[in-house]
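J.: Starting from these lines, generate the structure:
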Amino acid sequence: MKLATFNVNSLRKRLPVVKRWLTHHAPDVLCLQETKVQDSEFPQQELVSTGYHVTFCGMKGYNGVALCTRREPEWVSFGLDKGANADGPRLLHAVVEGIPIINTYVPQGFMIDHPKYQYKLKWFHRLRRYFSRHMSPDQPAVWCGDMNVAPEPIDVHHPERHATHVCFHVEARRAYTHAVGWGFEDVFRRLHPDRQQFTFWDYRQPDALKANRGWRIDHILATKPLARKCTAVTVDVNPRKGRHPSDHTVLCATFAV
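T.: Now for the predicted structure:
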């Protein structure tokens, strides 16, 4: 199974990028975040035309998650413990070819002295409880998406400058690690323990990509039975380099299942 994740930062703006990537790379599963489109305006048919089943839950201007799959999911659910839209459409849970896949767009947090940051920390704890209710760490499962956390100093440029950033602050990293500790493993780090590789380069810094001032905040994690079958993990920087890019790019993992 070839599975990819991509924060598109507005699907309608990035639709040509997504269609081109699907056509050229032909993943079995593509998880999308921050689609920023309400369901009535979701470009479903344009994605279906590429040969994929499309599952989605969105809202106007914010959040939104979607799933493109070669095979139709056997089961789909949206949202954490309070329903699909109680927290905004941020979680899509599907079973594809027998494997549970949880696609998340984790809250960014805004600033560490803002209530949104506390909400982010609590969201990770709620997510771990969600894992316990719906899955087993002894069975294959994937959790992926934009986590809005760079877990280690190697995962952010100039980490000494970002100690109070909501995506690198010690409490955010601790909350993320707590959720991962339910039974997941970062497959990128499993295969590339010492590689510095980013997935996000801030728009507000025009030369961020050229200077490689980025963050690794998009992740693919798997439970141990599946993680040990991961044969490749790559970051495709080309979508970030092209016309009308998202500020994120595509992370892709291959599993021998």
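
J.: The closest residue to Pro43 other than its chain neighbours in helix, strand or coil?
T.: Leaving out its chain neighbours, the residue that sits closest to Pro43 by Cβ to Cβ, 6 or more residues apart in numbering is Leu15, at 5.6 Å. Just so you know, the C-beta spots here come from the backbone N, C-alpha and C atoms, and that holds for glycine as well. Look at Leu15: counting by DSSP: H, G, I helix; E, B strand; the rest coil, its state is helix.

J.: looking at it, Leu15 is touching Gln44, isn't it?
T.: No: contact criterion Cβ atoms under 8 Å: Leu15 and Gln44 do not qualify, at 11.1 Å.

J.: For the residue nearest to Pro43, grab the count of nearby residues.
T.: Using other Cβ atoms under 10 Å, Leu15 has 16 neighbouring residues.

J.: Okay, it and Cys57: tell me how far apart.
T.: 18 Å (Cβ to Cβ, to the nearest Å).

J.: Repeat that for Pro159.
T.: Pro159 is 34 Å from Cys57, by Cβ to Cβ.

J.: Could you do Ser132 as well?
T.: 23 Å.

J.: neighbour count winner among the two?
T.: Cys57 (24 against 12).

J.: got a list of what that one touches?
T.: By Cβ atoms under 8 Å, 6 or more residues apart in numbering, the residues touching Cys57 are 39, 64-66, 78-79, 84-85, 89, 92.

J.: do that again at 7 Å, thanks
T.: By Cβ atoms under 7 Å, 6 or more residues apart in numbering, the contact set of Cys57 is 39, 65, 78, 84, 89, 92.

J.: Put the buried members of those into a ChimeraX selection.
T.: In ChimeraX, this line selects whichever of those come out buried by 16 or more other Cβ atoms under 10 Å:
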select :65,78,89,92
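
J.: For the contacts of Cys57, which two are the farthest from each other?
T.: Asp39 and Leu92 (12.5 Å; Cβ to Cβ).

J.: Averaged pLDDT, stretch 242-256. What do you get?
T.: Mean pLDDT, stretch 242-256: 96.

J.: Run through who's touching that stretch.
T.: 1-9, 13-14, 17, 21, 27, 146, 187, 199-203, 218, 220, 226, 229-237, 239-240.

J.: Looking at those residues, which are in strands?
T.: Counting by DSSP state E, these place 2-7, 146, 200-201, 218, 220, 230-236 in strands.

J.: Now render the contacts of Cys57 as JSON lines, adding secondary structure and distance to Asn212.
T.: Shown next, in JSON lines, are the contacts of Cys57 (DSSP: H, G, I helix; E, B strand; the rest coil; distance: Cβ to Cβ, whole Å):
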{"residue": "Asp39", "secondary structure": "helix", "distance to Asn212": "37"}
{"residue": "Val65", "secondary structure": "strand", "distance to Asn212": "28"}
{"residue": "Phe78", "secondary structure": "strand", "distance to Asn212": "36"}
{"residue": "Ala84", "secondary structure": "coil", "distance to Asn212": "37"}
{"residue": "Pro89", "secondary structure": "coil", "distance to Asn212": "32"}
{"residue": "Leu92", "secondary structure": "strand", "distance to Asn212": "31"}
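
J.: Mind picking the lowest-pLDDT entry from the contacts of Cys57?
T.: Ala84 (66).

J.: Output the longest helix anywhere in the chain in PDB, but only the C-alpha positions, please.
T.: Across the chain, the longest stretch assigned as helix under DSSP state H is helix 115-134. This file holds the C-alpha atoms of helix 115-134, laid out as PDB (Å, rounded to 0.1, in the frame of the first residue of the first chain):
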ATOM      1  CA  PRO A 115      -7.000  29.500  24.800                       C
ATOM      2  CA  LYS A 116      -6.600  27.900  21.400                       C
ATOM      3  CA  TYR A 117      -3.200  26.500  22.500                       C
ATOM      4  CA  GLN A 118      -4.800  24.800  25.500                       C
ATOM      5  CA  TYR A 119      -7.500  23.500  23.100                       C
ATOM      6  CA  LYS A 120      -4.700  22.000  21.000                       C
ATOM      7  CA  LEU A 121      -3.000  20.300  23.900                       C
ATOM      8  CA  LYS A 122      -6.400  18.800  25.000                       C
ATOM      9  CA  TRP A 123      -7.100  17.700  21.500                       C
ATOM     10  CA  PHE A 124      -4.100  15.400  21.500                       C
ATOM     11  CA  HIS A 125      -5.200  13.800  24.800                       C
ATOM     12  CA  ARG A 126      -8.700  13.400  23.400                       C
ATOM     13  CA  LEU A 127      -7.200  11.800  20.300                       C
ATOM     14  CA  ARG A 128      -5.300   9.200  22.300                       C
ATOM     15  CA  ARG A 129      -8.600   8.300  24.100                       C
ATOM     16  CA  TYR A 130     -10.200   8.000  20.600                       C
ATOM     17  CA  PHE A 131      -7.400   5.600  19.500                       C
ATOM     18  CA  SER A 132      -8.100   3.400  22.600                       C
ATOM     19  CA  ARG A 133     -11.800   3.300  21.900                       C
ATOM     20  CA  HIS A 134     -11.600   2.400  18.200                       C
END
